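Undergrad: sequence first, then the predicted structure:
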Amino acid sequence: MTAGTQAAPDLAAAARLTVLAAASVHDPEASVSPSLWTRVEPHYRALERLVAGVDGEVAAALAAHGRGPGDRDRRARLETAVAAALAADPQRLREARRLLRLIAEFGRLLPHESETYRDTAFEPVEQQIQRLLGAMRPRPVHRHDPHLVVVVSYRVAQAGTDRMRNLLCCLNALHATHDPDRVRIVAVEQDDRPRTAELVGPLVDRYVFAPNPGLFNYAWGRNVGVRAAATDAPVCLLDADMVVGPEFVAQCVEALRDGAEALLPYDRLLYLDARSSATVVADVATGRGVSADGAGLRGYIMREIYGGAIVATRELFDRVGGQDERYRGWGDEDNEFYFMLRRNGVLRRSVGWLYHLDHARPPMRDGTLRINRAAMAVPRSPGGEYGDPARYSRPADPGTAHPPDEKDVVR
């Protein structure tokens, strides 16, 4: 059940979608992307006021469902009450449909709550990590050339955290892709010292430590990984919090063989809540794999974004000069890379789901924003060198130095 899935929903669908969107106003998880939430919040709040005006009991139940979703009986009662209220007041129904159309057309952050989602207890993160470690096996010696190189750049400051859980689940899901002999996994850890080499090294085909004690540079770490792969195979830049399905690699390779030079291999990125993240971890660790359509899960769908996962032929990657290494910390390096690929090659977006495991939100720093806004103001030209692994381990020139007083930002 996803808000905004119909342009002109019937009464029952309008009630379901209205309840889901209105409850989001009371959900602390709704601002998983502050910029996207700011864009859609006025429409959601308008729907909430529309529903809360039915009566006090409905308003209280709506707030309770937003703060603690997963109660199917409560959701069913809410949908029944809202459907009756909409049917009794044609003007209210027209307004609900108008707001739902706005959300469907312009909303880039949509609530998703599967009909089979239920809020139940789940394992602590430390136990989820142990479950994943117990399921993973060292990478075998490959007999064939790769069809795809997947680069995961990351920084995990502490063991036993959600970031470590997410990285291990990301790698475990890649292990489970079909025809695993045709995929190579390159992990790039950037930090002041290698913290995960002994753990992560055996789980990937190439582990690279890229010294960087300052601001996390996503673009640079990925570029380092592409260079380290030492192959002309297409590359996939995958965030360490993402979980892919078993068909992921095959679908990417097929799209490239069909004429694409670059690919966004999904059209719905579902940012999972804590319970759904634990569900996906268990499914991946036990070999069941992730749902193909969000069944049993809850979170917020991010639409029309350009990060998470992006694929390009090595020739196009080299032609544009990799990702723009001027971006650091929280920034728009994925957006810049997407438009660079689109201007210089054939880029497509495929239909499918990509799952983002939850984690504590990193700080949004003014210094980082200044750096990246300055980069956006000066577009780069295609080509050039990229991925110098010694970029931050020698005295830097003014164009690459970390700004004074900027501390570590964990992505």
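TA: In hand now; what should we look at?

Undergrad: how about the strands in this structure?
TA: 109-113, 148-154, 183-191, 206-211, 235-238, 242-243, 262-264, 268-272, 298-302, 309-312, 347-349, 353-356 (DSSP state E).

Undergrad: which one, of these, ends up nearest to G56?
TA: Among the strands of the chain, strand 109-113 comes nearest to G56, with 23.3 Å by Cβ to Cβ. Any C-beta I mention is one placed from the backbone N, CA and C, and that applies to glycine too.

Undergrad: any idea how far L100 is from Y392?
TA: 48 Å (Cβ to Cβ, to the nearest Å).

Undergrad: just for the stretch 301-411 of the chain, where's the confidence low?
TA: Counting by pLDDT under 70, the stretch 301-411 of the chain shows low-confidence ranges at 362-370, 395-411.

Undergrad: so where's this protein uncertain?
TA: Counting by pLDDT under 70, the chain contains low-confidence residues at 1-8, 362-370, 395-411.

Undergrad: N212 reaches Q190, doesn't it?
TA: Yes. Between N212 and Q190 there is a contact under Cβ atoms under 8 Å: 4.1 Å.

Undergrad: intersection of neighbour lists for the two?
TA: 220-221 (Cβ atoms under 8 Å, 6 or more residues apart in numbering).

Undergrad: on that earlier part again, export the strands of the chain to CSV and tack on distance to P382?
TA: Shown next, in CSV, are the strands of the chain (distance: least, Cβ to Cβ, whole Å):
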stretch, distance to P382
strand 109-113, 32
strand 148-154, 20
strand 183-191, 23
strand 206-211, 24
strand 235-238, 17
strand 242-243, 27
strand 262-264, 13
strand 268-272, 27
strand 298-302, 28
strand 309-312, 13
strand 347-349, 14
strand 353-356, 27
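
Undergrad: list the residues that contact L263.
TA: 252, 255-256, 310-312, 347-350.

Undergrad: mind running it again at 7 Å?
TA: 252, 255-256, 311, 348, 350 (Cβ atoms under 7 Å, 6 or more residues apart in numbering).

Undergrad: quick one: which of those is most hemmed in?
TA: Counting neighbours by other Cβ atoms under 10 Å, the top entry in the contacts of L263 is V311, with 31 neighbours.

Undergrad: measure that one to V151 for me?
TA: Taken as Cβ to Cβ, the span from V311 to V151 is 11 Å.

Undergrad: ditto for A262
TA: 15 Å.

Undergrad: so G225 makes contact with Y207?
TA: No. Applying Cβ atoms under 7 Å, one finds G225 not in contact with Y207, separated by 10.0 Å.

Undergrad: more crowded one of these two?
TA: Set G225 next to Y207 and count neighbours by other Cβ under 10 Å: G225 wins out with 26 against 21.

Undergrad: would you mark the buried spots in stretch 38-51?
TA: Across stretch 38-51, burial judged by 16 or more other Cβ atoms under 10 Å covers 40-41, 43-44, 46-48, 50-51.

Undergrad: repeat that for stretch 83-100.
TA: Here stretch 83-100 shows 83, 85-86, 92-93, 96-97, 99-100 as buried, counting by 16+ other Cβ under 10 Å.

Undergrad: could you dump that stretch to CSV, C-alpha only?
TA: Only the C-alpha atoms of stretch 83-100 are listed here, as CSV (Å, rounded to 0.1, in the frame of the first residue of the first chain):
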residue,chain,number,x,y,z
ALA,A,83,-14.2,5.9,3.7
ALA,A,84,-17.6,6.6,5.4
ALA,A,85,-16.6,10.2,6.1
LEU,A,86,-15.5,10.7,2.5
ALA,A,87,-18.7,9.1,1.1
ALA,A,88,-20.8,11.4,3.3
ASP,A,89,-19.1,14.6,2.2
PRO,A,90,-18.4,14.9,-1.6
GLN,A,91,-16.4,18.1,-1.0
ARG,A,92,-14.1,16.3,1.4
LEU,A,93,-13.7,13.4,-1.1
ARG,A,94,-12.8,15.8,-3.9
GLU,A,95,-10.2,17.5,-1.7
ALA,A,96,-8.7,14.2,-0.6
ARG,A,97,-8.5,13.1,-4.3
ARG,A,98,-6.9,16.4,-5.3
LEU,A,99,-4.2,16.1,-2.6
LEU,A,100,-3.5,12.5,-3.5
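
Undergrad: how far out from the middle of the chain is that stretch?
TA: 34 Å (Cα atoms, centre = their mean, to the nearest Å).

Undergrad: look up phi and psi at the nearest residue in space to E333 that is not next to it in sequence.
TA: Counting by Cβ to Cβ, 6 or more residues apart in numbering, Y327 is the residue found nearest to E333 once chain neighbours are left out, at 3.7 Å. As for Y327, its main-chain torsions (degrees, to the nearest 10) stand at phi -80, psi 140.

Undergrad: so Y327 sits right up against A375, yeah?
TA: Yes. Judged on Cβ under 7 Å, Y327 makes contact with A375 at a distance of 5.5 Å.

Undergrad: partner residues bridging W353?
TA: With DSSP bridges as the criterion, W353 is bridged to R268.

Undergrad: how many residues are close by it?
TA: What W353 shows, counting by other Cβ under 10 Å, is a neighbour count of 20.

Undergrad: present the buried residues of stretch 83-100 as CSV; the columns should include distance to R131.
TA: As requested, those are exported to CSV (distance: Cβ to Cβ, whole Å):
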residue, distance to R131
A83, 41
A85, 45
L86, 44
R92, 47
L93, 47
A96, 43
R97, 44
L99, 42
L100, 39
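
Undergrad: how about those residues, which pair is most distant?
TA: The two members of the buried residues of stretch 83-100 with the most space between them (Cβ to Cβ) are A83 and L99, at 16.0 Å.

Undergrad: all helices for the stretch 251-400 of the chain, in order.
TA: Along the stretch 251-400 of the chain, counting by DSSP state H, counting those that start in this stretch, helices occupy 274-285, 314-320, 333-344, 366-377.

Undergrad: among those, which is the most enclosed?
TA: Ranked by mean neighbour count, those are led by helix 274-285 with a mean of 22 (mean count of other Cβ atoms under 10 Å).

Undergrad: so what secondary structure elements neighbour it?
TA: Counting contacts by 3 or more Cβ pairs under 7 Å, 6 or more residues apart in numbering; DSSP states H and E, helix 274-285 is packed against helix 125-135, helix 162-175.
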